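> Sequence first, then the predicted structure:
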Amino acid sequence: MTAAPATPTVAVVGATGAAGSTVLRVLEDRAFPVRELRPLASPRSEGTLVRFRGEGLRVAAVDASRLEGCDIVFFAAGGATSREHAPGVAAAGGVAVDKSSFFRMDPAVPLVVPEVNGERVRQHHGIVANPNCVATPLSVALAPLHRAFGLRRVTVATYQAASGAGRALQEELAEQTRDDAAGRKPRHEVYPHVLHGNVVPGGWTMHGDDTEEEVKVIQEVRRILDLPGLPVGVTTVRVPVAVAHAQAVWVELETAAEAAQARRVLQGSPGVRLVDAPGAQAYPTPREVAGSDEVWVGRVRRDPSRENGLALWVVADNLRKGAATNAVQVAELVLEYR
């Protein structure tokens, strides 16, 4: 395991994107110790000004020379960039915390959600993978139920925000909203369908009959929970929401549990906020969850359609806990275990 100094030199690759800019905010919010911050991005963003702790910093184009001397590097710029530069960071003695999917299923790279399997950070060899923005909150909600009752089967339907596809779709959704309000026909270029006023069960690359997103969630949840044979069924859906992914989740448990028991387990679990009073219309929604670092859970109830069945509703900010916050939490463990 590569060590990192108590006050590291930090780089954020993809600093001008939705996920990378959120990493900068989360580093500030969590008072992460930083000796020097290097914002990096593609050449087209070179010279852009970003702010960190009240200071304006110019973005540089990412290359190996600008990563020299970095102790922790957050990669939020896609798999090709991670593939090219993360191994070099590790070889030079730094630690790459990678948001892309490139290393997630590599058995030599730990895939970490700190509330679930944070001890795996100890096993890193210079690269730690950050899970998918659906798999992360789903694992936070499922792990305590698995520890208490055992998991036999999981079924999920997602309601994923536009920002999960990047800033471009978020901006396109806003433009479509203005067009519809003005009576103009909305256009779409970023996504295969108009998203405003719509629900789209696609937009990802297809892997046979499944979307790439569905495949990722299944594989990653199994790996995070260390349940390689867990039956998981997922349908991923994009909805006209700016920030925060929601999930309707059905689980079949190894041992029977009443909804009240499950609520008690979830209430005391790290990273979970239980909001579950549907009679008073109290349950998590993306609007209230956006900006939060917790995984919000509600609508916990018995599912009589399956043996030992429970249903629950899970919502998390996809840019924070689904990406940036989880990555910063991983980096905090890197410093703690150094």
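Yes, it's here.
> Ala168: what's its closest spatial neighbour, skipping adjacent residues?
Distances taken as Cβ to Cβ, 6 or more residues apart in numbering place Val190 nearest to Ala168, at 4.7 Å, with adjacent residues excluded. Using the backbone N, CA and C atoms, a C-beta is placed for each residue, glycine as well.
> residues contacting the one you found?
By Cβ atoms under 8 Å, 6 or more residues apart in numbering, Val190 lies in contact with 165-166, 168-169, 172.
> distance of the spatially closest residue to Gly322 that is not a sequence neighbour from Ala324?
Computed as Cβ to Cβ, 6+ apart, the closest residue to Gly322 that is not its neighbour in sequence is Cys133, at 3.1 Å. Using Cβ to Cβ, to the nearest Å, Cys133 is found at 10 Å from Ala324.
> got it, and Val59?
17 Å.
> who has more neighbours, the two?
Between Val59 and Ala324, counting by other Cβ atoms under 10 Å, Ala324 is the more crowded of the two (30 against 21).
> what's the helix or strand for Pro186?
If you go by DSSP states H and E, Pro186 is not part of any helix or strand.
> can I assume it is in contact with Gln176?
Yes. Assessed by Cβ atoms under 8 Å, Pro186 is found in contact with Gln176 at 3.8 Å.
> Mutual contacts of those two, please.
By Cβ under 8 Å, 6+ apart, the residues touching both Pro186 and Gln176 are 194, 196.
> Please say which of the two ends up with more neighbours.
Neighbours of Pro186 and Gln176, each counted by other Cβ under 10 Å, are more numerous for Gln176; the result is 23 against 19.
> Residues contacting the one helix or strand that one maps to, please?
According to DSSP H and E, Gln176 maps onto helix 167-181. For helix 167-181, contacts defined as Cβ under 8 Å, 6+ apart pick out 17-18, 161-163, 185-191, 194-197, 240, 242-243.
> Filter these down to the buried ones, ChimeraX style.
Provided next is the ChimeraX selection string for whichever of those are buried by 16 or more other Cβ atoms under 10 Å:
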select :17,18,161,162,163,186,188,190,191,194,195,196,240,242,243
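> re earlier: report the contact partners of the residue nearest to Gly322.
Applying Cβ under 8 Å, 6+ apart to Cys133 gives the contacts 160, 164, 245, 318-319, 322-323.
> swap the cut-off to 7 Å and go again
By Cβ atoms under 7 Å, 6 or more residues apart in numbering, the contact set of Cys133 is 164, 245, 318, 322-323.
> Leu145 falls within a helix, correct?
Yes. Counting by DSSP: H, G, I helix; E, B strand; the rest coil, Leu145 is part of a helix.
> In this structure it contacts Gln261, no?
No. The pair Leu145 / Gln261 is not scored as a contact, 9.8 Å apart, by Cβ atoms under 7 Å.
> which of the two has more neighbours?
A count of neighbours by other Cβ under 10 Å puts Leu145 above the other of Leu145 and Gln261, at 24 against 15.
> Report the contact partners of that one.
Taking Cβ under 7 Å, 6+ apart, one finds 151, 251, 262, 265 in contact with Leu145.
> ok, Pro87 to His124 distance?
From Pro87 across to His124, the span is 13 Å (Cβ to Cβ).
> Those two - which one has more neighbours?
Set side by side, Pro87 and His124 show more neighbours around His124, with 23 against 14, by other Cβ under 10 Å.
> And that one, how far from Leu225?
On the measure of Cβ to Cβ, His124 and Leu225 end up 19 Å apart.
> okay, Ala141: pLDDT?
Per-residue confidence at Ala141 stands at 98 (pLDDT).
> Can you name the helix or strand that it falls in?
helix 135-149.
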